[in-house]
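# just to be clear, the model below is a prediction. Sequence and coordinates:
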Amino acid sequence: MTELTARTAQSSILQFLTRRRGRVRADWTDWLTYAYLFLGLAVMFAPVLWVVLSSFKAPVNLAEFPPTFLPYAAETVTVEGFDEPLSLYEVITEDGETRQLAQIRRVGLNAQMIDPANPEAGRLVVPVADAKPVRSILFTWQNYARLLSASGSDLWLFVYNSLFITIVATAITVIMNSMAAFALSKYRFKGNTLALIAILMTLMIPPTVVLVPIYLIVAQLGLVGNLWGVILPTVATPTGVFLLRQYMLTIPDELIEAARMDHASEWRIYWRIILPLSAPALAVVAIFSILSRWNDFLLPLVVLNRREVFTLQLALASFQDENQIHYDQLLAMTTLTALPLAFAFIFLQRYIASGIASTGIK
Amino acid sequence: MRAAAIFSRALAALPARAIEPVMRGAQNILGIKRMPWVFLFPNLAAVLFFSLLPVFINIFYSATGSDRLYPADRPYVGAANYETLFECGSYLDPSTCSRDLFWRALGNTLIFVPVQVAAMIGIALFTAICLNRDIRGRGFFRGIFFFPVMLSPVVVALTWQWILQRNGALNGLLTALGLTPVNWLVFPNSAFFWSVFVTVWAHMGFFTIILLAGLQSIPRDVYEAAKMDAANPWRVFTRITLPMLKPTLLVVFILCVIRSVQTFDELYVLTGGGPGSATILIVQYIYEIGFAIQPRNFGLAAAASLLLGAVLLVFTLIQLRLARGKSYD
Amino acid sequence: MANLILETLSKSFGAVEVIPGLDLQIEDGEFVVFVGPSGCGKSTLLRLIAGLEEATAGDIRIAGESVISVPAADRGVAMVFQSYALYPHMTVRQNLSFGLENIRMPEDEIARRVEAAAKMLQIEELLERRPKELSGGQRQRVAIGRAITRNPKIFLFDEPLSNLDAELRVLMRVEITKLHERLGNTMIYVTHDQIEAMTMADKIVVLRKGVIEQVGAPLELYNRPRNLFVAGFIGSPRMNFLNGAITGVSEAGLSFQSPHLPSFTLPARPGPLRAGATVTLGVRPEHFTLSENGTGWPLTVSVSEQHGSNSYLHCATPDGTPVLIHEAGQSRVARGDVLHAQPREGHWHLFDAAGLRVPLGN
């Protein structure tokens, strides 16, 4: 009975995969496509899954080679007469019998063991080679706990710094870019092409090329080691202006003329007519701004030189600064840093993709 | 439209009332005709201050010496910074140059960029074509290929470092298959390969989405006409898809090259430019001499970044010029 | 309520002169239609009056006051746009009240005006809907409603019916005419459709290349077109034109001779025309008499269009000049038949070589 259900489930999955919209049967190119896509699924997704799984492993488990797929922990047992819980081992005795024994201590190649079911039987000496630890799958939070206790309130400070930079910079970017885009799309005035070119020209200037002078300007403004020192240089994104302008060009001029005849001031036209109607494009600009600000590394690395103003990314990178890498905390922190974006991604995936496509570069 | 309506109500309720009288006043004083400049002002000011001004400061820096940050403290040295960069015993051997790291970084970049761009566009195009087919779970797969774009470079680098380390998952997998484990990031060639692999892994989703949009903008009836003409799939691809995708491909190509040349974050964390100087790229070199290595040499960093900027500018202009006149629109 | 005076008004876009100096007077309460082919400057003229375009020279006076430098919103005019220009993100009520909110009108007054306009246009049930949820005709009403709430001195309509289907267009035509009767405001209406002009206008202004060709009541334009252009433009189907010459001038009138056609005499007072002058004779399709006895012009029928209540016979003179003849009721004429037709006495129009009307006895 169960086999039958399993088989129907299997065939329905197969059917689901092979069925194509429009056509009845799949040909070999479809199989090739699926093969490639599932390979892609493995290559793209497995690394991240691996990190997340690893973050739930205890340090002992992490250090193992070859690594286990799922987090495992050695099982322990409390035996009368011992304060600490003892690790449980599976031991093959001389007469070929398999027994579960608790290890008291290890001495050279032998270990002292005791039978937890029968502690009165006394200590047994077992060669280490014959004993295998008994383990079970265990997702442990101890890496996260240690991360929190080790960095203490610093962690929340890093989160706050990252959030502050991301939110403030994005808000300023969206407002400033949309104002400029409004001017460049809905007015005919002398110098509009010049202004547009001046803004778009900055596309040609890679941010890394002007790293030193930006540091100088930030330093002159007294903003080294200040979150605003990272926010201000990044707000005037040329792509944002360009995307919004292209979108606003599709809003009919007659709407603005109607609003003008309705006694609306220019600011009111911008705020009440243009902004609401540009919502899809604004969302795209906002998403990209959030992404790049949250993930930004080089500028914060240069400007934010004190630990108190570190962003999550800087804190994360600083984990491997010393000669030894604390993989246990690092993995937990990596998972935590990627988490907000993973959530954002689940909700916004379709929007981001269609955003790039519709407002997109054509 | 519903979302827009909610957004519109939110805007109406926001305390923009504080700005409105100011802007209305500006309009009364300046008149409607000057209002676009008012709207442009914040963005334009930021652009001038943080993009155009730095270019000029860079030029100044590259012509001055010493490790002082403030321009007034820096003595004029003429073209000395450029000369230092180009000072070589033999241009065929980087180790004879006074700044051998610059030449190594440049050499690495010259190999890294073509390899990475070719791999990136090839894989992204293939993926986009697969995703453009009439298949089940298209949205899901599109998401899978896109999501690394959302990850921060640091997270990407640390993830792969965790996998590639000596006791990592990859070696575990190799051992399970009966192969010898390799210390991937310790050998120059394998470190270079993984540098390319990881950056492609992280960014191909972005280009895939753009190419997919380009593919979807090719009208269906063109394909239907080709079907009526009994064209085989390969001919359809080379004679219809590729030519009609060309404008999109051009954009992708330019973006991809510019980004590739600027690669820094992932490799800084993944390999740190090592082993030795096997994976150091030009931007990391600029960072190292400008900020990391004491005494900081801003002049040399500025000279190197101006050279980089000039190369990028020339490249983009050539591309745009080549593209002009070949468009089908 | 106001009259409108345009004085040597001109408008150029760069080097292109769209309106080269135009004078016009519109009385209080008149329904005036600007009509002309596309590109004749009629929309530009309307936008100049609205204040959406800036005049290059000249003056506009509304109720005696010059408004040439007054912004669009303060001229006391309201405009109904071709695309309606309704704010897509606002409900009908918000669309109607946006302009009133902008001048800080008290809320109860806004509500009163919106209700009144909605009632007049029978759109009360639609007030909470968005433009997207309305049909073309309903959007049209809302657009008119938005103009009404502002209680303007002058209504401006820019081809408001061009986006509606034929049936709805006839309905809205009647409604706008009724609205004018009810409100009594001055209304200016731009269209390229001469039927709209004929049926709605108190006064028609025929424009060509920014120049007024003729101003007058609809039937005056129909009966006594001042030149070839107006004669061809007003009336549907359009007037037939035959090129010919005056062969003699006598007490009885002018002898008109067209190649391959028998000559006949037009009763006219002796005027400026001499024998030998080149002229064009215009006869409307409905002004032919078919003769059974073989007198009149021999015309070969190429197509016989049966509309049921009317018949249109597409014919040609022996030299190939097309002539359209209207016959009431259903015609028995078939393709290839040769008709003998004569212009009905008193319903002919004669134009001299410069295209200007020559006064005849009628």
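Arrived safely, thanks for sending.

# could you look up the SS state of the closest residue to A:Ala150 other than its chain neighbours?
Counting by CB to CB, 6 or more residues apart in numbering or on different chains, A:Ala150 lies nearest to A:Gln329, which is 6.4 Å off, once chain neighbours are set aside. Quick note: C-beta positions are derived from backbone N, CA and C, even for glycine. Secondary structure assignment for A:Gln329 (DSSP: H, G, I helix; E, B strand; the rest coil): helix.

# what about residue 207, how many residues nearby?
With no chain named, the answer covers chain A. 18 (other CB atoms under 10 Å in any protein chain shown).

# I was after chain C.
For C:Leu207, the neighbour count with other CB under 10 Å is 26.

# for it, report the pLDDT, please.
C:Leu207 carries a pLDDT score of 93 in this model.

# ok, back up a step: what about the residue nearest to A:Ala150, how many residues nearby?
When neighbours are counted by other CB under 10 Å, A:Gln329 registers 19.

# any low-confidence regions in chain C?
Applying pLDDT under 70 to chain C flags residues C:1, C:269-271, C:361-362.

# check contacts around B:Leu30.
B:37-38 (CB atoms under 8 Å, 6 or more residues apart in numbering or on different chains).

# now it. Its backbone dihedrals?
phi -90, psi -30 (degrees, to the nearest 10).

# contacts only, for B:Ser90.
B:Ser90 sits next to B:Thr96 when contact means CB under 8 Å, 6+ apart.

# how far away is it from B:Ile282?
Here the criterion is CB to CB, to the nearest Å. By it, B:Ser90 lies 21 Å from B:Ile282.

# over to A:Val212?
Applying CB to CB, the value for A:Val212 to B:Ile282 is 14 Å.

# A:Gln100: neighbour count?
Neighbour tally, A:Gln100, other CB under 10 Å: 15.

# what distance do you get for it to A:Ala117?
According to CB to CB, A:Gln100 stands 8 Å off from A:Ala117.

# swap in B:Arg68?
Relative to A:Ala117, and taking CB to CB, B:Arg68 is found at 77 Å.

# now do C:Lys153
Separation of C:Lys153 from A:Ala117 (CB to CB) stands at 104 Å.

# more crowded one of the two?
When C:Lys153 and A:Ala117 are compared for neighbours, C:Lys153 comes out ahead with 18 against 12, by other CB under 10 Å.

# that one: what's it in contact with?
Here C:Lys153 is in contact with C:1-2, C:62-63, C:76-77, C:185-186 (CB under 8 Å, 6+ apart).

# and the residues you listed as a markdown table, adding distance to C:Gly294?
Shown next, in a markdown table, are the contacts of C:Lys153 (distance: CB to CB, whole Å):
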| residue | distance to C:Gly294 |
| --- | --- |
| C:Met1 | 61 |
| C:Ala2 | 61 |
| C:Ile62 | 61 |
| C:Ala63 | 63 |
| C:Gly76 | 64 |
| C:Val77 | 60 |
| C:Asn185 | 57 |
| C:Thr186 | 55 |
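
# which of those fall within strands?
C:62, C:77, C:186 (DSSP state E).

# mind checking pLDDT for residue 16?
No chain specified, so I'll use chain A. Reading off the model, A:Phe16 has pLDDT 48.

# was after chain B, sorry
So, for B:Ala16, pLDDT stands at 59.

# surely A:Ile92 meets A:Asp130?
Yes. Between A:Ile92 and A:Asp130 there is a contact at 5.2 Å, judged by CB atoms under 8 Å.

# what residues does the stretch 251-362 of chain A have near chain C?
A:252, A:254-255, A:257-265, A:268, A:272-273, A:276-277 (CB under 8 Å from any CB of the partner chain).

# contact partners for the residue of the stretch 101-250 of chain C found nearest chain A?
As assessed by CB to the nearest CB, chain A sits closest to C:Asn102 within the stretch 101-250 of chain C, at 4.0 Å. Going by CB under 8 Å, 6+ apart, C:Asn102 touches A:262-265, A:268.

# list the contacts of residue 237.
Here I'm looking at chain A. By CB under 8 Å, 6+ apart, the residues touching A:Thr237 are A:173, A:177, A:285, A:289.

# could you do chain B instead?
Here B:Phe237 is in contact with B:Ile129 (criterion: CB under 8 Å, 6+ apart).

# can you give me the distance of it to B:Leu215?
Using CB to CB, we find B:Phe237 at a distance of 11 Å from B:Leu215.

# after the worst-scoring helix or strand of chain A on mean pLDDT, next one along is what?
Least confident helix or strand of chain A, by mean pLDDT, DSSP states H and E, is helix A:2-18 with a mean of 51. Next helix or strand after helix A:2-18 toward the C-terminus (DSSP states H and E): helix A:28-54.

# figure out how far that following helix is from the centre of its chain.
18 Å (CA atoms, centre = their mean, to the nearest Å).

# give the buried residues for whichever helix or strand comes after that helix.
Downstream of helix A:28-54, the next assigned helix or strand under DSSP H and E is helix A:59-62. Buried residues in helix A:59-62, defined by neighbour count with 16 or more other CB atoms under 10 Å in any protein chain shown: A:61-62.

# helix/strand/coil for the closest residue to C:Val249 other than its chain neighbours?
Spatial nearest neighbour of C:Val249, chain neighbours left out: C:Ala275 (5.5 Å); criterion: CB to CB, 6+ apart. Secondary structure for C:Ala275, judged by three-state DSSP, is coil.

# wait, doesn't C:Ala275 sit right on C:Ile246?
Yes. Here C:Ala275 reaches C:Ile246: they are 5.6 Å apart, a contact under CB under 8 Å.

# okay, those two: which has more neighbours?
Neighbours per residue, other CB under 10 Å: of C:Ala275 and C:Ile246, the larger number sits with C:Ile246, 22 against 12.

# what comes up buried for whichever strand or helix holds that one?
Assigned by DSSP H and E, C:Ile246 belongs to strand C:240-249. By 16+ other CB under 10 Å, the buried positions in strand C:240-249 come out as C:240-242, C:244-246, C:249.

# how is chain A partitioned into domains?
Domain ranges of chain A: A:15-46, A:76-133, A:153-318, per automatic domain parsing.

# hey, where'd the helices end up in the stretch 101-250 of chain B?
B:138-146, B:153-164, B:169-176, B:188-216, B:220-228, B:233-236, B:242-261 (DSSP state H, counting those that start in this stretch).

# please disregard the earlier target; I meant chain C.
With DSSP state H as the criterion, chain C has helices at C:42-50, C:92-102, C:107-120, C:136-149, C:166-183, C:194-200, C:218-223, C:228-233.

# CA atoms only for stretch C:243-258, dumped as PDB, please.
Extracted C-alpha coordinates of stretch C:243-258, given in PDB (Å, rounded to 0.1, in the frame of the first residue of the first chain):
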ATOM      1  CA  ASN C 243     -11.500  73.100 -62.800                       C
ATOM      2  CA  GLY C 244     -12.500  75.200 -65.700                       C
ATOM      3  CA  ALA C 245     -12.500  78.700 -67.200                       C
ATOM      4  CA  ILE C 246     -14.900  81.500 -67.800                       C
ATOM      5  CA  THR C 247     -15.600  81.600 -71.500                       C
ATOM      6  CA  GLY C 248     -18.000  84.600 -71.600                       C
ATOM      7  CA  VAL C 249     -19.400  87.300 -69.400                       C
ATOM      8  CA  SER C 250     -22.900  88.600 -70.200                       C
ATOM      9  CA  GLU C 251     -26.000  90.100 -68.600                       C
ATOM     10  CA  ALA C 252     -27.400  86.600 -67.900                       C
ATOM     11  CA  GLY C 253     -24.200  85.600 -66.000                       C
ATOM     12  CA  LEU C 254     -20.900  83.800 -66.500                       C
ATOM     13  CA  SER C 255     -20.400  81.000 -69.000                       C
ATOM     14  CA  PHE C 256     -18.400  78.200 -67.300                       C
ATOM     15  CA  GLN C 257     -16.500  75.700 -69.400                       C
ATOM     16  CA  SER C 258     -14.700  72.600 -68.100                       C
END
